[in-house]
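> Sequence plus predicted model, see below.
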Amino acid sequence: ETGVTQTPRHLVMGMTNKKSLKCEQHLGHNAMYWYKQSAKKPLELMFVYSLEERVENNSVPSRFSPECPNSSHLFLHLHTLQPEDSALYLCASSQESRGSTEAFFGQGTRLTVV
Amino acid sequence: AQKVTQAQTEISVVEKEDVTLDCVYETRDTTYYLFWYKQPPSGELVFLIRRNSFDEQNEISGRYSWNFQKSTSSFNFTITASQVVDSAVYFCALSTGTGRRALTFGSGTRLQVQP
């Protein structure tokens, strides 16, 4: 199993659909993240979960709803998205410690909203 | 506030040339961490290196080397004798030591290595 796995790899959805992105990490880490990568902006942090609690929400619209049922799994529930939400959504995990440790990323879900 | 600037949007070199990717950062924290990641066409970000603010030693790993200079707030990345497989987007990132765990990324530099 690779370190961080994201499914699906590609997703096309209409603006009225509801879908979920899934992320699973096999590294024994205790923090997980959602990042958004769109064509015209740098990588943007969306959410941070530490020990299954959401500790950071970077002003993300409510049409994105994260869920972290345990330290190995992270979901991003999507509903009534807009075309400008089309982007690559990257999940990452890291091990919390007194210092900052490197994050390991999945391959991303390429989302297209039509 | 934190910021990472990668002024080079795209660089094209011919195989075997050396290439340096620039990274300039801003933070008010005295404890911080700097990272480089590589993003090949597959999309996954691959971790390359982490440096903390107290360690200004330069590092070499094979064909890769990193030059950290606090005086100029720079953390530059050099690839020696570039290869076609080095073609990717390279991101510099910053995190601070207290509380904020997540990374602030630069906008990335796309490196094209031509055969």
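It's in.
> and the most centrally placed residue in chain A, bridged to which residues?
Taking Cα atoms, centre = their mean as the criterion, A:W34 is the residue nearest the geometric centre of chain A, at 2.9 Å. Here A:W34 sits in beta bridges with A:F47, A:C91, as judged by DSSP bridges.
> Poorly predicted segments of chain A, please.
Along chain A, the parts satisfying pLDDT under 70 run over A:1, A:98-100.
> got the residues of it near chain B?
By Cβ under 8 Å from any Cβ of the partner chain, the residues of chain A that approach chain B are A:31, A:33, A:41-43, A:45, A:48, A:50, A:55-56, A:88, A:90, A:92, A:94, A:96, A:99-108, A:110. C-beta: built from backbone N, CA, C; applies to glycine.
> Tell me the buried residues within the residues you listed.
A:31, A:33, A:42-43, A:45, A:48, A:50, A:88, A:90, A:92, A:94, A:100-108, A:110 (16 or more other Cβ atoms under 10 Å in any protein chain shown).
> Now, the residues you listed that are in helices?
The members of those all map outside helices under DSSP state H.
> Count the residues that sit near A:P69.
9 (other Cβ atoms under 10 Å in any protein chain shown).
> Neighbouring strands of the least confident helix or strand in chain B by mean pLDDT in the sheet, and parallel or not?
Here the helix or strand of chain B ranked lowest by mean pLDDT, DSSP states H and E is strand B:59-61, holding a mean of 86. Using DSSP bridges, strand B:59-61 pairs in its sheet with strand B:64-69 (antiparallel).
> I'd like the next helix or strand past the partner strand.
Counting by DSSP states H and E, the element after strand B:64-69 in chain order, helix or strand, is strand B:74-79.
> Neighbouring strands - and their directions - for the next helix or strand after that next one?
Later in the chain than strand B:74-79, the nearest helix or strand by DSSP H and E is strand B:88-96. Its sheet considered, strand B:88-96 pairs with strand B:32-39 (antiparallel), strand B:104-105 (antiparallel), strand B:109-114 (antiparallel) by DSSP bridges.
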